[in-house]
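[1] what's the 3D shape of this:
(one chain, ligands or ions: 1)
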Amino acid sequence: MGRKTTDHWQRQTKAVHAGTRRSQYGEMSEALYLTQGFRYETAEEAEARFIEITGDAFIYARYGNPTVAMFEDKIAALEGVEAGFATASGMAAVNGALMALLKAGDHVVASRALFGSCLYIIEDILRRFHVEVTLVDGRDLAAWETAIRPDTAVVFLESISNPTLEVIDLPAVVRLAHAQGAKVIVDNVFATPSYSYAVEAGADLIVYSTTKHIDGQGRCLGGVILGARELIRGPVEAYMKHTGGAMSPFNAWVMLKSLDTMDLRVRVQCETAAQLANALHGHEKLAQVIYPHHPSHPQYDLARSLCTKGGTVFAIDVVGGKEAAFTFLNALEIFTISNNFADSKSIVTHPGTTTHQRLTDEHRARLGITSGLIRVSCGLEDSEDLQRDLLQALARIKP
Ligand SMILES: *Cc1c(COP(=O)(O)O)cnc(C)c1O
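    I've put the predicted structure just below:
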């Protein structure tokens with residue numbers, strides 16, 4: 001299997017060609033190696049591989065597989081990092097990144113506005129293993145500075161939070177963390193892998209749920225942990241390969257093929273989100289439209305300075321709370337009610353009664369999740385059709 005050096009290529013060329021390993025058949029489309037194990041020519045070869053895995057050698061799919069490796073190499077090339085480890089889901093990646101770097105007695109600082117399952121790992125699981133956790137308001141740099149201590153091992157955050165789209169000053173938080181010797185793990189889903197600024201900001205590990213923009217078509221679960229070779233092939237791989245969170249070769253093949261078109265898809269989805277957020281701003285049935293690249297966003301300047309695009313998701317706060325929100329959701333004809341996002345199909349989610357239902361009223365209020373809040377994920381449909389759909393559904397809310 002031959003591989004090319006692709007460092008000098010532009011992004012879209014890497015998206016199509018990076019990481020490709022061709023078999024002796026010279027296939028055009030990357031092969032799906034649906035195999036758990038690998039055959040050794042001799043007992044000596046088996047022994048040698050268990051001592052050290054080099055080059056294109058594999059021993060077991062929980063450790064690595066050629067299709068999974070092609071996906072890891074391509075996404076690492078796109079992110080601009082040395083290495084990646086692909087995982088069974090985004091949560092396997094978040095869990096793996098944290099567990100790989102932490103031990104009992106360590107201190108973790110994390111932003112409070114987190115995806116529900118990330119919050120569960122940070123608040124419940126880590127504490128059970130005697131990791132001390134401090135949660136901060138991610139927008140407040142002074143709070144980060146106070147919370148990060150000399151014994152802080154890891155800082156964990158979502159660069160842009162779900163579902164309220166708070167933007168964290170990632171370069172500044174990384175500087176504070178590194179000054180105390182802490183490593184920074186960024187869950188970068190909302191910033192998207194197409195417009196990521198996590199490497200420039202100095203993040204140590206970058207985590208994606210590949211279920212979102214990378215698959216982008218609502219099919220497979222997956223995740224990936226990205227970073228320097230020393231961390232990925234060191235503690236991350238050691239933890240992941242022995243605890244069994246590897247990505248399946250089939251899912252890796254779907255993700256790999258999806259990377260060819262990811263930037264094209266995500267660019268259009270971002271443009272649609274910006275257009276719709278703009279069109280809805282100031283609507284009489286809405287208390288608020290939240291989009292990082294809309295001038296009304298409280299962190300508009302920061303968002304503009306960090307990210308090229310404002311993302312594929314925006315949020316609206318419907319006047320009239322849950323009842324009005326449900327009327328609106330049920331009246332939509334193109335948007336689908338679901339809890340995933342970054343699909344080619346546009347999706348609306350009512351976080352208060354679904355993804356964040358588990359939280360208390362007070363906790364939801366602290367995160368800005370009101371009863372009228374709806375998360376809108378923009379797909380690949382015609383943006384004018386989507387705009388008409390949102391407006392007709394808003395018109396159905398009684399004044
Ligand atoms: C979806 C998501 C996850 C979890 O990913 P799964 O693939 O569903 O396990 C973690 N973090 C963020 C920010 C997400 O959006």
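
[2] Show me what the one helix or strand residue 386 maps to is packed up against.
    Assigned by DSSP states H and E, residue 386 belongs to helix 383-395. Applying 3 or more Cβ pairs under 8 Å, 6 or more residues apart in numbering; DSSP states H and E, one finds that helix 383-395 contacts helix 249-280, helix 321-331. (C-beta placed from N, C-alpha, C; glycine too.)

[3] Now do that helix and helix 321-331, the angle between them.
    130 degrees (axes from the mean of the first three to the mean of the last three Cα atoms, to 10 degrees).

[4] quick check: angle from helix 383-395 to helix 249-280?
    Using the same axes, to 10 degrees: helix 383-395 against helix 249-280 is 60 degrees.

[5] And helix 383-395, how far out from the chain middle?
    Its chain's average C-alpha position is 28 Å from that of helix 383-395, according to Cα atoms, centre = their mean, to the nearest Å.

[6] Show me what it is in contact with.
    271-272, 275-276, 279-280, 283, 285-286, 318, 328-329, 331-335, 346, 376, 378-379 (Cβ atoms under 8 Å, 6 or more residues apart in numbering).

[7] Please apply the same query to stretch 99-107.
    By Cβ under 8 Å, 6+ apart, stretch 99-107 touches 108, 126, 129-134, 149, 151-154, 183, 185, 205, 225, 231, 235-236, 238-240, 243.

[8] picking that back up, and the helices and strands packed on helix 383-395 as JSON lines, adding mean pLDDT, mean neighbour count and distance to the ligand?
    Shown next, in JSON lines, are the helices and strands packed on helix 383-395 (pLDDT from 0 to 100; neighbours: other Cβ atoms under 10 Å; distance: least, Cβ to the nearest ligand atom, whole Å):
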{"stretch": "helix 249-280", "mean pLDDT": "98", "mean neighbour count": "21", "distance to the ligand": "10"}
{"stretch": "helix 321-331", "mean pLDDT": "98", "mean neighbour count": "17", "distance to the ligand": "20"}
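
[9] which non-adjacent residue is nearest the residue in the stretch 1-150 of the chain positioned nearest to the ligand?
    Of all residues in the stretch 1-150 of the chain, residue 90 sits closest to the ligand, at 2.2 Å by Cβ to the nearest ligand atom. Of all residues not flanking residue 90 in the chain, residue 209 sits nearest, at 2.3 Å (Cβ to Cβ, 6 or more residues apart in numbering).

[10] Might one say that that neighbour is in contact with residue 93?
    Yes - between residue 209 and residue 93 there is a contact under Cβ atoms under 8 Å: 7.1 Å.

[11] all strands of the chain, in order?
    83-87, 107-111, 132-136, 152-158, 183-187, 205-209, 223-227, 286-290, 313-318, 336-337, 347-349, 373-377 (DSSP state E).

[12] Throw the ones you listed into TSV and include mean neighbour count, thanks.
    TSV is the format used below for the strands of the chain (neighbours: other Cβ atoms under 10 Å):
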stretch	mean neighbour count
strand 83-87	28
strand 107-111	25
strand 132-136	18
strand 152-158	24
strand 183-187	26
strand 205-209	29
strand 223-227	30
strand 286-290	19
strand 313-318	25
strand 336-337	16
strand 347-349	22
strand 373-377	25
